[in-house]
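Asker: give me a 3D structure for the following:
(chains A and B, ligands or ions: 1)
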Amino acid sequence: MALTQQDMDNEIARHREAYEKSVAEGAPRADHPPRDYPPYRSSLLRHPHQPLVVVATARDPEAVELGSPAFGDTDVTELDNDLTRRHRGEPIGERITVTGRVLDRHGRPVRGQLIELWQANAAGRYAHQRDQHPAPLDPNFTGAGRTLTDDDGGYRFTTIKPGAYPWRNHTNAWRPAHLHFSVFGTAFTQRLVTQMYFPNDPLFPYDPILQSVTDDAARQRLVATYDHSLSTPEWSLGYRWDIVLDGPAATWIEDGR
Amino acid sequence: MSTPRPTPSHTVGPFYGYALPFPGGGETAPPGDPDTITVHGHVLDGEGTAVPDALIEIWGPGPDGELPRKGGSMRRDPVTGGFLGRNGVDFTGFGRVPTDADGHWAVRTLRPGARGEHAPYLSVCVFARGLTHHLFTRLHLPEPADALAADPLLASLPPARAATLVARAEPHRTFRFDIRLQGADETVFLEFT
Ligand SMILES: [Fe+3]
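Answerer: Sure thing, here's the model as predicted:
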């Protein structure tokens, strides 16, 4: 039988409490979600049972993963960071700009690297054949964009705010509105695929994907900040979201602990 | 000194297909290059069922062992905004392909050269619905045997585990590399510190 939201809430609370207890007993804080997070049902058969094998890159300067694919001006066009101008007409929805910086664990800008963004339309529907839930497609919105970070690690997208959408994890499961991001760093070990959320979404506590990040502070880092100074009169609302790429210890210095 | 904490990972989800794959994503080798190899396999879950919505990224050195520094994997047409495909000459070292309905993927790339003490390998990054965090593994070529025996990572693993990191030779310079996410013969996945 399908689980109810109440079942899911109980599971989410149990995992969060277990995590808080482990931290109280001295375990390090987790910046990333566990790969085995049962409330997110799709993880059940898709997480490794064996522990990951550690490769110490400080002792392995020839590791392939310390390099990263390069992307350049041939890989993006000037329009790619504006998802509202890909069709003849304007997409329906609330126009937004999302801007921020990509940094490494030193706080240094990550320059000239590829960021890819994809998302549902304003009604919460993806331009994907397997998304068949009864919300309209928008002929003027596909929902995919790209850009390269500038010399300051900065990026900027113009798009529309996506809608929430239902999924079949449990009965009445709804994803909070989110933008999917894919980011490359200077090392392949820094590769990141993640999601950006919008502040104060009432769906946050019910969503096992967001709640899979069991650390409260880490989860908060997935939520953009509304920044009125980035809003443009008669045009768009502005959000700021910085991205920090994780990386092997060799590329960053842990703060004192 | 205070350093920023990393942005948490999230799943790629099921609906990346119109955004991340690109034409020629699996055609990493310049056409006609005699060092071209095909690497391919299935992605399987803990019940041995094919994973039809995984995304595989392959990154590796050229035959000389050097890591490419050239862009152009996703070369674009400034007139139409579409994809032109690679320029036919430069090797970028990067391939990206989704699995098909059978959970199968394939990439044609150049035979990687050895680096340092490593046996030649390609770095493989796996994304999928259900993976809260991508998984890294390494695809080693099955020869030369002495290079495999001397590889520090392979040598550190029990033989049955190490075997999950070595592709199987097939005819026509093709190498089979199945990725088992969980269970018996589970692929070795890596964490970099
Ligand atoms: Fe989504």
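Asker: would you mind giving both backbone torsions of the closest residue to A:Ala63 other than its chain neighbours?
Answerer: Distance criterion C-beta to C-beta, 6 or more residues apart in numbering or on different chains; nearest residue to A:Ala63, sequence neighbours excluded, is A:Thr57 at 5.5 Å. Yep, even glycine has a C-beta here, placed from its N, CA and C like the rest. Backbone torsions for A:Thr57, taken as degrees, to the nearest 10, come to phi -70, psi -20.
Asker: where does A:Thr57 land on pLDDT?
Answerer: A:Thr57 is assigned 92 on the pLDDT scale.
Asker: for B:Val188, same thing?
Answerer: For B:Val188, pLDDT reads 98.
Asker: then A:Trp252?
Answerer: A:Trp252 is given a pLDDT of 47.
Asker: again with B:His134
Answerer: 98.
Asker: my read: A:Arg41 touches A:Trp167, true?
Answerer: No - here A:Arg41 does not reach A:Trp167: they are 10.0 Å apart, not a contact under C-beta atoms under 8 Å.
Asker: next one: stretch A:30-46 to chain centre, how far?
Answerer: Centre-to-centre, stretch A:30-46 and its host chain are 15 Å apart (C-alpha atoms, centre = their mean, to the nearest Å).
Asker: neighbours of residue 60, how many?
Answerer: Answering for chain A, as no chain was given. 20 (other C-beta atoms under 10 Å in any protein chain shown).
Asker: sorry, should have said chain B
Answerer: The number of residues near B:Gly60, taken as other C-beta under 10 Å, comes to 32.
Asker: in terms of helix, strand or coil, where does residue 12 fall?
Answerer: In the absence of a named chain, this looks at chain A. helix (DSSP: H, G, I helix; E, B strand; the rest coil).
Asker: my bad, the chain I had in mind was chain B
Answerer: coil.
Asker: how close does it sit to A:Thr171?
Answerer: Note on B:Val12: its distance to A:Thr171, by C-beta to C-beta, to the nearest Å, is 25 Å.
Asker: list the buried residues of the helix or strand bottoming out on mean pLDDT in chain B.
Answerer: One helix or strand of chain B scores below all others by mean pLDDT, DSSP states H and E: helix B:145-150, with a mean of 94. The neighbour-count check on helix B:145-150 (16 or more other C-beta atoms under 10 Å in any protein chain shown) flags B:147-148 as buried.
Asker: try stretch A:75-90
Answerer: A:75-77, A:80-81, A:83-84, A:86.
Asker: what's near enough to touch residue 129?
Answerer: Unless you meant another one, I'm taking chain A. Applying C-beta atoms under 8 Å, 6 or more residues apart in numbering or on different chains to A:Gln129 gives no contacts.
Asker: oops, chain B please
Answerer: Per C-beta under 8 Å, 6+ apart, neighbours of B:Arg129: A:42, A:46, B:11-14, B:53.
Asker: out of those residues, which is nearest to B:Arg5?
Answerer: Using C-beta to C-beta, B:Thr11 comes nearest to B:Arg5 of the contacts of B:Arg129, at 20.1 Å.
Asker: pretty sure that closest one sits against B:Leu135.
Answerer: No - using C-beta under 8 Å, B:Thr11 is not in contact with B:Leu135, being 11.7 Å away.
Asker: between B:Val12 and A:Thr171, tell me which one has more neighbours.
Answerer: Shown here are B:Val12 and A:Thr171; by other C-beta under 10 Å, B:Val12 has more neighbours (26 against 13).
Asker: any idea how far the more buried one is from chain A?
Answerer: Here the criterion is C-beta to the nearest C-beta, to the nearest Å. By it, B:Val12 lies 5 Å from chain A.
Asker: follow-up on the earlier one: what would the buried residues of stretch A:75-90 look like in a markdown table with pLDDT and distance to chain B?
Answerer: Shown next, in a markdown table, are those (pLDDT from 0 to 100; distance: C-beta to the nearest C-beta, whole Å):
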| residue | pLDDT | distance to chain B |
| --- | --- | --- |
| A:Asp75 | 97 | 4 |
| A:Val76 | 97 | 7 |
| A:Thr77 | 95 | 5 |
| A:Asp80 | 96 | 8 |
| A:Asn81 | 98 | 12 |
| A:Leu83 | 98 | 10 |
| A:Thr84 | 97 | 14 |
| A:Arg86 | 93 | 8 |
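Asker: which stretches of the stretch 1-150 of chain A form helices?
Answerer: A:5-24 (DSSP state H, counting those that start in this stretch).
Asker: sorry, that was for the stretch 151-257 of chain A
Answerer: Using DSSP H, counting those that start in this stretch, helices in the stretch 151-257 of chain A cover A:208-211, A:216-220.
Asker: and of those helices, who's closest to chain B?
Answerer: helix A:216-220 (4.9 Å; C-beta to the nearest C-beta).
Asker: keeping just the C-alphas, turn the closest one into CSV.
Answerer: These are the backbone C-alpha positions of helix A:216-220, laid out as CSV (Å, rounded to 0.1, in the frame of the first residue of the first chain):
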residue,chain,number,x,y,z
ASP,A,216,19.8,21.8,8.8
ALA,A,217,22.5,24.2,7.9
ALA,A,218,23.5,22.3,4.7
ARG,A,219,19.9,22.1,3.6
GLN,A,220,19.5,25.8,4.0
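Asker: buried residues in it?
Answerer: Buried, per 16+ other C-beta under 10 Å, within helix A:216-220: A:218-219.
Asker: check stretch A:56-64 too.
Answerer: In stretch A:56-64, counting by 16+ other C-beta under 10 Å, buried: A:57, A:60, A:63-64.
Asker: can you tell me the average pLDDT over stretch B:163-170?
Answerer: 98.
Asker: how about residues contacting it?
Answerer: Against stretch B:163-170 from outside (C-beta under 8 Å, 6+ apart): B:39, B:41, B:121, B:137-143, B:148, B:153-154, B:157, B:175-177, B:180, B:185-188.
Asker: from these, which would you call buried?
Answerer: B:39, B:41, B:121, B:137-141, B:148, B:153-154, B:175, B:177, B:180, B:186-188.
Asker: quick one: low-confidence parts of the chain?
Answerer: The chain I'm using is chain A. A:1, A:249-257 (pLDDT under 70).
Asker: wait, I meant chain B there
Answerer: For chain B (pLDDT under 70), the answer is B:1-2.
Asker: which residues of it fall in helices?
Answerer: Using DSSP state H, the helices of chain B run over residues B:145-150, B:152-155, B:159-162.
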